[in-house]
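> Turn this into a model:
(chains A and B, ligands or ions: 1)
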Number of protein chains: 2
Amino acid sequence: MNIDMDRMKKQICFIEHLDRLKQVIRQNLLMNESRRENSAEHSWHIATMAMVLAEYAPHELDQLRVLKMLLVHDVIEIEAGDTFCYDVEGNKGKEERERLAADQVFGLLPSDLAADFRAIWDEFEQGDTPEARFANALDRFQVLLQNFNTGGGTWRIHNIEKKQVIQRMLPIKTGAPSLWPVVESCLEEACDQGMLKDTVASQE
Amino acid sequence: MNIDMDRMKKQICFIEHLDRLKQVIRQNLLMNESRRENSAEHSWHIATMAMVLAEYAPHELDQLRVLKMLLVHDVIEIEAGDTFCYDVEGNKGKEERERLAADQVFGLLPSDLAADFRAIWDEFEQGDTPEARFANALDRFQVLLQNFNTGGGTWRIHNIEKKQVIQRMLPIKTGAPSLWPVVESCLEEACDQGMLKDTVASQE
Ligand SMILES: [Ca+2]
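Numbering: from 1, shown residues only, chains lettered A, B, ... in the order given. Next comes the predicted model:
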């Protein structure tokens, strides 16, 4: 067994760096409303969801690829921070900021692994493969459940309208279409219960 | 598309229940020492570690199985809580307590998925397959890195001795032998720096 210690050191350094994702705080609350969620536990949640909901992918997927994307998709937030999806200003320059963050974070790894991780992250971001579309769908679906289970959560706090949420949830319609009826019924109930503004209805 | 709504409801209920793992607090600290770690973010960390360290498995493994075990291994703590590994009293009855917790938590799922998840958890616990041994090795290795990077962490707080830690780390020797030299050198340095009691040395 011939171990390249320089290589192993880089890998361990990256692993230690990963610990910082536990301190990146997202907008949405835990379901018991005790605090906001961090990006590390969020990533665990959606990866485990992928195991539970695998059958709702539109066809047989490479499940390993889905899990890898879900585990890695937020790692760049260690450098770039979490950008709230409905924050128009904050989202300007987000792509460029995140690309630079990806260079930095994945650059800690030995070059072959850096390329692997970068390809996984790029695939998720581009959303062109069925695996990436399913992974993106779960990322959105989790936020729906978090908000729906916390009396509206960030929808209510930030006075979000139903049509904005539908726009945001559209990746579910393509990536995991069987879940779409659940999205629709959650949003309807959310409006009925005043968790979410139904602008169209309120204009009548 | 014919969706069994009763089945889907159970799956979503389980997913919502998973949120509670974010509130199960472990003994060890985050690397910046700001707070103790929770079991959900810990699970994310070791699953991602499995991607980084895959090459140190003793031979080619089913990586999907490894990731599934790491994502699921602590879910039973939602019911059973986290038991500190050096707490002799707390570890009495742990197995039975965790088995009952597994019945409860996985019992929320439709029966086929409940059986799948239970088999994944059982495999990790029994540690009889190379995949389970590698997964167990990473679970231990992460705690080593957390403690080593926090001036001794729980070793120091609970006055743990080197020989106890070596005992605890042994699964790394079998599950990911290439990492064993790192364990040895970390423990030696930890003793030198007073993070960990070296009983044998201090008796001389
Ligand atoms: Ca544990």
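> Shouldn't residue A:99 be within a helix?
Yes - the assignment for residue A:99 by DSSP: H, G, I helix; E, B strand; the rest coil puts it in a helix.
> residue ranges for the helices of chain A, please.
When assigned using DSSP state H, the helices of chain A occupy the ranges A:5-18, A:39-52, A:63-72, A:77-80, A:94-106, A:111-126, A:130-148, A:153-157, A:162-175, A:180-192, A:199-203.
> mind checking which of the ones you listed is nearest residue B:105?
Between residue B:105 and the helices of chain A, the shortest separation by Cβ to Cβ is 11.8 Å, and it involves helix A:39-52. The way it works is simple: take the backbone N, C-alpha and C, and place the C-beta from them, glycine included.
> by contact count, what packs against that closest one?
strand A:25-29, helix A:63-72, helix A:130-148, helix B:5-18, helix B:39-53, helix B:63-72 (3 or more Cβ pairs under 8 Å, 6 or more residues apart in numbering or on different chains; DSSP states H and E).
> re earlier: could you dump the helices of chain A into JSON lines and include mean pLDDT?
Output for the helices of chain A, formatted as JSON lines (pLDDT from 0 to 100):
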{"stretch": "helix A:5-18", "mean pLDDT": "97"}
{"stretch": "helix A:39-52", "mean pLDDT": "98"}
{"stretch": "helix A:63-72", "mean pLDDT": "98"}
{"stretch": "helix A:77-80", "mean pLDDT": "93"}
{"stretch": "helix A:94-106", "mean pLDDT": "94"}
{"stretch": "helix A:111-126", "mean pLDDT": "98"}
{"stretch": "helix A:130-148", "mean pLDDT": "97"}
{"stretch": "helix A:153-157", "mean pLDDT": "92"}
{"stretch": "helix A:162-175", "mean pLDDT": "96"}
{"stretch": "helix A:180-192", "mean pLDDT": "96"}
{"stretch": "helix A:199-203", "mean pLDDT": "58"}
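> mind putting those helices in CSV, distance to residue B:154 and mean neighbour count included?
What follows is the helices of chain A, written out as CSV (distance: least, Cβ to Cβ, whole Å; neighbours: other Cβ atoms under 10 Å in any protein chain shown):
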stretch, distance to residue B:154, mean neighbour count
helix A:5-18, 17, 16
helix A:39-52, 19, 25
helix A:63-72, 25, 25
helix A:77-80, 24, 20
helix A:94-106, 28, 16
helix A:111-126, 30, 17
helix A:130-148, 31, 24
helix A:153-157, 34, 20
helix A:162-175, 41, 17
helix A:180-192, 41, 17
helix A:199-203, 52, 10
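> Just put those in JSON lines and tack on distance to residue B:87.
JSON lines is the format used below for these (distance: least, Cβ to Cβ, whole Å):
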{"stretch": "helix A:5-18", "distance to residue B:87": "26"}
{"stretch": "helix A:39-52", "distance to residue B:87": "24"}
{"stretch": "helix A:63-72", "distance to residue B:87": "30"}
{"stretch": "helix A:77-80", "distance to residue B:87": "33"}
{"stretch": "helix A:94-106", "distance to residue B:87": "36"}
{"stretch": "helix A:111-126", "distance to residue B:87": "37"}
{"stretch": "helix A:130-148", "distance to residue B:87": "33"}
{"stretch": "helix A:153-157", "distance to residue B:87": "36"}
{"stretch": "helix A:162-175", "distance to residue B:87": "43"}
{"stretch": "helix A:180-192", "distance to residue B:87": "42"}
{"stretch": "helix A:199-203", "distance to residue B:87": "55"}
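> Minimum distance to residue B:63: which of the ones you listed has it?
Of all those, helix A:63-72 sits nearest to residue B:63, with 6.0 Å by Cβ to Cβ.
> any bit of that closest one sitting next to chain B?
Yes - with Cβ under 8 Å from any Cβ of the partner chain as the measure, helix A:63-72 is seen reaching chain B through A:63, A:64, A:67, A:68, A:71, A:72.
> Counting by contacts, list what that helix packs against.
Identification of packing neighbours for helix A:63-72 by 3+ Cβ pairs under 8 Å, 6+ apart yields helix A:39-52, helix A:111-126, helix A:130-148, helix B:39-53, helix B:63-72.
> would you list the ones you listed in CSV and tack on distance to residue B:14?
Compiled in CSV, the helices and strands packed on helix A:63-72 are given as follows (distance: least, Cβ to Cβ, whole Å):
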stretch, distance to residue B:14
helix A:39-52, 6
helix A:111-126, 24
helix A:130-148, 11
helix B:39-53, 14
helix B:63-72, 11
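> Specify the stretch among the ones you listed that is closest to residue B:196.
helix B:39-53 (21.0 Å).
> for the closest one, the distance to its chain's centre please.
Shown here is helix B:39-53, whose average C-alpha point lies 9 Å from the average C-alpha point of the whole chain (Cα atoms, centre = their mean, to the nearest Å).
> can you state the direction angle for that helix and helix B:130-148?
Direction vectors for helix B:39-53 and helix B:130-148, defined by axes from the mean of the first three to the mean of the last three Cα atoms, to 10 degrees, enclose an angle of 110 degrees.
> so helix B:39-53 versus helix A:63-72, what angle?
Computed by the same axes, to 10 degrees, the angle separating helix B:39-53 from helix A:63-72 equals 120 degrees.
> then helix B:39-53 to CSV, C-alphas only?
Presented in CSV, the C-alpha positions along helix B:39-53 are these (Å, rounded to 0.1, in the frame of the first residue of the first chain):
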residue,chain,number,x,y,z
SER,B,39,-26.9,14.4,14.2
ALA,B,40,-28.4,15.6,10.9
GLU,B,41,-25.4,17.8,9.9
HIS,B,42,-23.1,15.1,11.2
SER,B,43,-24.7,12.6,8.8
TRP,B,44,-24.3,15.0,5.9
HIS,B,45,-20.6,15.5,6.8
ILE,B,46,-19.8,11.8,6.8
ALA,B,47,-21.7,11.0,3.7
THR,B,48,-19.8,13.7,1.9
MET,B,49,-16.6,12.4,3.4
ALA,B,50,-17.4,9.0,1.8
MET,B,51,-17.3,10.7,-1.6
VAL,B,52,-13.9,12.3,-0.8
LEU,B,53,-12.3,9.3,0.7
